[in-house]
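Q: 3D model of this:
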Amino acid sequence: MTKSQITNSRVYIAQIPEGVAPNKSHFRTVTTTEDKPELQEGSIFVKNILFSLDPYIRHDFAEGAKEAEVIGFGFSKVLESKNPKFHVGSSYFFGTLPWSSYSVLRPQDLGETFNIDSIDKDVPLSAYSGILGASGLTVWDSINRVADLKKGETIYISSAAGTLGQLAGQIAKRKGLRVIGSAGTDEKVAYLKNQLGFDAAFNYKTQDKREALTAAVGPQGLDVYYDLVFDNTVEIALDLFNPHGRVVTVGLLAGHKGGELASPKNIVHLLLKQIRWEGYTVFEHFDQFENFWKEVTPLIKSGEFKYTESVVDGGVEDIAETYLRFLEGAYQGKVSLKFSDF
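A: The predicted model follows:
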């Protein structure tokens, strides 16, 4: 390999039939030796160093294509730049990146990539892929913009032991709500109650969801369902809602795992109880990062907001397997893969 060449590994995903959970056969890692790219004005060439593993990954298939590169959130460092906003070697960036060793980010790609030279050095870099990253912004902005939380209300959070659920519960507690969560292991349930201060939590894999949630909600009724799964749980919530309840759907975990999506038979409750059901995605609200960091970073540093994370060392060839294990619930909290050669 000469100085003008690089060894680059990329992860590709095959088209997955509807209703099928992703598995190893759907992913392929390809390693090539190639010339360093010639950059156009406004572009940067980066070495990727850490990938945020989230249920959501993007895969844009060209017409007739059977596989595509995987796009997710990640961190990188600039190796070459023709963009005055991004300086070689001195900056960290995070945004949407392909699962690869190196990437070229064109001007049109940089709208979703952020220069975070000013990150707080007292906070681990990995936190900016989770509780202080797009996941954290999703929770903070959706709760402030959509959920309309009121002191004394009851909120239920599905998949509550993940990055989004952990932060949603703590923000809700801070606002004076009664917080109920569910998770997939007894250890995670204990963490929600004993460490994060949830008022109630249950194991959705070993308990009947309707019975467990009904018992946890009790006669007070339910006011907000913070939905990270988009499965039939919403049908249970609709039955338990007080008038003027809110469903805030921000996750699609059931779909990412090949499960059946929500199709509530009792959707008439939206009318009868005057319930508001609204979906939220973060991509239109990246302009709120500075406001989000200003409010939440001090709470992270002081320990008022707690979080767990699993940072896995590896290479590009390990991303797909780590992602699949993450979908199976093998890790607690935010899951990231950090390149072991960084």
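Q: going forward, measure contacts between C-alpha atoms and count neighbours the same way
A: OK.
Q: what about the helix or strand harbouring V189, distance to the chain center?
A: Element membership for V189 (DSSP states H and E) is helix 186-194. Put simply, helix 186-194 sits 20 Å off its chain's centre (Cα atoms, centre = their mean, to the nearest Å).
Q: I'd like to know which elements the following helix or strand past that helix is packed against.
A: Downstream of helix 186-194, the next assigned helix or strand under DSSP H and E is strand 200-203. On a contact count with 3 or more Cα pairs under 8 Å, 6 or more residues apart in numbering; DSSP states H and E, strand 200-203 meets strand 178-183, helix 186-194, helix 209-217.
Q: rerun that using 6 Å as the cut-off
A: In terms of contacts (3 or more Cα pairs under 6 Å, 6 or more residues apart in numbering; DSSP states H and E), strand 200-203 is packed against strand 178-183.
Q: quick one: average pLDDT of the strand it packs on?
A: In this model, strand 178-183 carries a mean pLDDT of 97.
Q: Quickly run through the sheet partners of it, with directions.
A: strand 154-157 (parallel), strand 200-203 (parallel) (DSSP bridges).
Q: what does it contact?
A: Strand 178-183 is contacted from outside by 154-161, 189, 198-203, using Cα atoms under 6 Å, 6 or more residues apart in numbering.
Q: out of those residues, who has the most neighbours?
A: A161 (30 neighbours; other Cα atoms under 10 Å).
Q: my read is that one is in a helix, agree?
A: No. A161: not assigned to a helix; according to DSSP: H, G, I helix; E, B strand; the rest coil it is coil.
Q: Next up, phi/psi of the spatially closest residue to K334 that is not a sequence neighbour, please.
A: Distances taken as Cα to Cα, 6 or more residues apart in numbering put E309 closest to K334, at 4.3 Å, once the chain neighbours are dropped. Phi and psi for E309, reported as degrees, to the nearest 10, are phi -150, psi 160.
Q: Could I get the contacting residues of E309?
A: Counting by Cα under 6 Å, 6+ apart, E309 touches 333-335.
Q: Those into a markdown table, with extra columns for neighbour count?
A: What follows is those, written out as a markdown table (neighbours: other Cα atoms under 10 Å):
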| residue | neighbour count |
| --- | --- |
| G333 | 22 |
| K334 | 25 |
| V335 | 25 |
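Q: between the residues you listed, which is nearest L222?
A: Closest approach between the contacts of E309 and L222, by Cα to Cα: G333, at 25.5 Å.
Q: List just the one of the strands paired with strand 178-183 that sits closest to L97.
A: The nearest among the strands paired with strand 178-183, by Cα to Cα, is strand 154-157 at 29.0 Å.
Q: show me where this structure has helices.
A: Assigned by DSSP state H, the helices in the chain fall at 134-142, 163-174, 186-194, 209-217, 233-240, 253-256, 269-272, 289-302, 316-327.
Q: Make JSON lines out of these and add distance to K24.
A: As requested, the helices of the chain are exported to JSON lines (distance: least, Cα to Cα, whole Å):
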{"stretch": "helix 134-142", "distance to K24": "25"}
{"stretch": "helix 163-174", "distance to K24": "24"}
{"stretch": "helix 186-194", "distance to K24": "26"}
{"stretch": "helix 209-217", "distance to K24": "30"}
{"stretch": "helix 233-240", "distance to K24": "28"}
{"stretch": "helix 253-256", "distance to K24": "14"}
{"stretch": "helix 269-272", "distance to K24": "40"}
{"stretch": "helix 289-302", "distance to K24": "35"}
{"stretch": "helix 316-327", "distance to K24": "7"}
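Q: quick one on the thing from earlier: and the residue nearest to K334, how far from I155?
A: According to Cα to Cα, to the nearest Å, E309 stands 24 Å off from I155.
Q: what's the distance between N83 and L105?
A: Taking Cα to Cα, one finds N83 at 10 Å from L105.
Q: do S135 as well
A: Per Cα to Cα, S135 is found 22 Å from L105.
Q: Equivalent analysis for L299, please.
A: Relative to L105, L299 is positioned 33 Å away (criterion: Cα to Cα).
Q: One more: E187?
A: Taking Cα to Cα, one finds E187 at 41 Å from L105.
Q: of those two, who's got more company?
A: L105 (22 against 12).
Q: Now that that one has come up, it's in contact with K47, right?
A: No. The criterion here is Cα atoms under 6 Å, and L105 misses it with K47 at 10.8 Å.
Q: Would you map out the domains in the protein?
A: As recorded under automatic domain parsing, the domains making up the chain are 5-130+308-339, 137-283.
Q: Now do the end-to-end distance for the first one.
A: Distance across domain 5-130+308-339, first residue to last, is 20 Å (Cα to Cα).
Q: avg pLDDT for it?
A: Rounded mean pLDDT across domain 5-130+308-339 is 86.
Q: which residues are contacting stretch 323-342?
A: Counting by Cα under 6 Å, 6+ apart, 49-53, 130, 162-163, 308-315 sit against stretch 323-342.
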